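Novice: With the sequence up front, the predicted model follows.
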Amino acid sequence: MTKIKIKVFFTLKEAYSFVEVIISISIIAMLLVMLFNIVIQSIKITKAIVDINFIENEISVINSVLDYDFKNADVLSNCNISGTCSFFKDNNLYEWKLCDQKICKFEIKDGQNYLVNKLGANINVFELNFYKRYVLNGGYYLYITILYEPSKKNFFDSIGLDMNQSWAQIVILERIF
């Protein structure tokens, strides 16, 4: 019978030293700490972007609702810089004005104000101005200026973004029939 000789490429006597294992674990730990810092910072930035999106969406909703109401009004009256704008639609008197740091629409019946709509859930509105500018063809532009800030102050504190009062301006062109 012939003997088969198997060649072994390693022996059991070879191993990593304790120092080599400690060094490799410490290098991996440093890389993981750096990676976690990047992930945490990315999460904070993503949260801030989502919060800014909520606020921009709120301004967009306000723009759409005001645009719809004023373009479909029968008569627009008493729009002034003091923050109120009244209009008639289907023989009912409505008024947009500031209430509780939100933008509110009231229906005025028998001298009483009835709340119809309240806009600005994610923002605090400090100033609301209406300015009506007439143009040559007999129509007008209605400029609406809103001074606001986020309702939750801690929206942007996590990344050090200072988001104080901002303003938005909406321009509505009268529908000409």
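Specialist: Looks like it arrived, so ask away.
Novice: Would you state the helices of the chain in chain order?
Specialist: Shown for the chain, the helices assigned by DSSP state H span residues 18-71.
Novice: Does anything pack onto the lowest-mean-pLDDT helix or strand in it? Which helices or strands?
Specialist: Within the chain, no helix or strand scores below strand 75-77, which has a mean of 82 by mean pLDDT, DSSP states H and E. Counting contacts by 3 or more C-beta pairs under 8 Å, 6 or more residues apart in numbering; DSSP states H and E, strand 75-77 packs against strand 84-89. The way it works is simple: take the backbone N, C-alpha and C, and place the C-beta from them, glycine included.
Novice: elements contacting the strand it packs on?
Specialist: With contacts defined as 3+ C-beta pairs under 8 Å, 6+ apart, the packing partners of strand 84-89 are helix 18-71, strand 75-77, strand 92-99.
Novice: Apply 7 Å and report the result again.
Specialist: Packing partners of strand 84-89 (3 or more C-beta pairs under 7 Å, 6 or more residues apart in numbering; DSSP states H and E): strand 75-77, strand 92-99.
Novice: In JSON lines: those strands, plus distance to Ile146.
Specialist: Formatted as JSON lines, the helices and strands packed on strand 84-89 follow (distance: least, C-beta to C-beta, whole Å):
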{"stretch": "strand 75-77", "distance to Ile146": "18"}
{"stretch": "strand 92-99", "distance to Ile146": "9"}
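Novice: Least confident of the ones you listed, on average?
Specialist: Comparing these by mean pLDDT, the weakest confidence falls on strand 75-77, with a mean of 82.
Novice: in that strand, what counts as buried?
Specialist: Leu76 (16 or more other C-beta atoms under 10 Å).
Novice: With stretch 81-92 instead?
Specialist: Under the neighbour-count rule (16+ other C-beta under 10 Å), stretch 81-92 has 83-87 buried.
Novice: got the end-to-end distance for it?
Specialist: Stretch 81-92 has an end-to-end distance of 23 Å (C-alpha to C-alpha, to the nearest Å).
Novice: where does this structure have low pLDDT?
Specialist: Applying pLDDT under 70 to the chain picks out residues 1-2, 5-15, 153-163, 175-177.
Novice: still on that earlier bit, okay, the buried residues of stretch 81-92 in TSV with distance to Ala73 next?
Specialist: What follows is these, written out as TSV (distance: C-beta to C-beta, whole Å):
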residue	distance to Ala73
Gly83	18
Thr84	14
Cys85	10
Ser86	9
Phe87	4
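Novice: between these, which is nearest Ile28?
Specialist: Nearest to Ile28 among those: Gly83, at 61.2 Å, using C-beta to C-beta.
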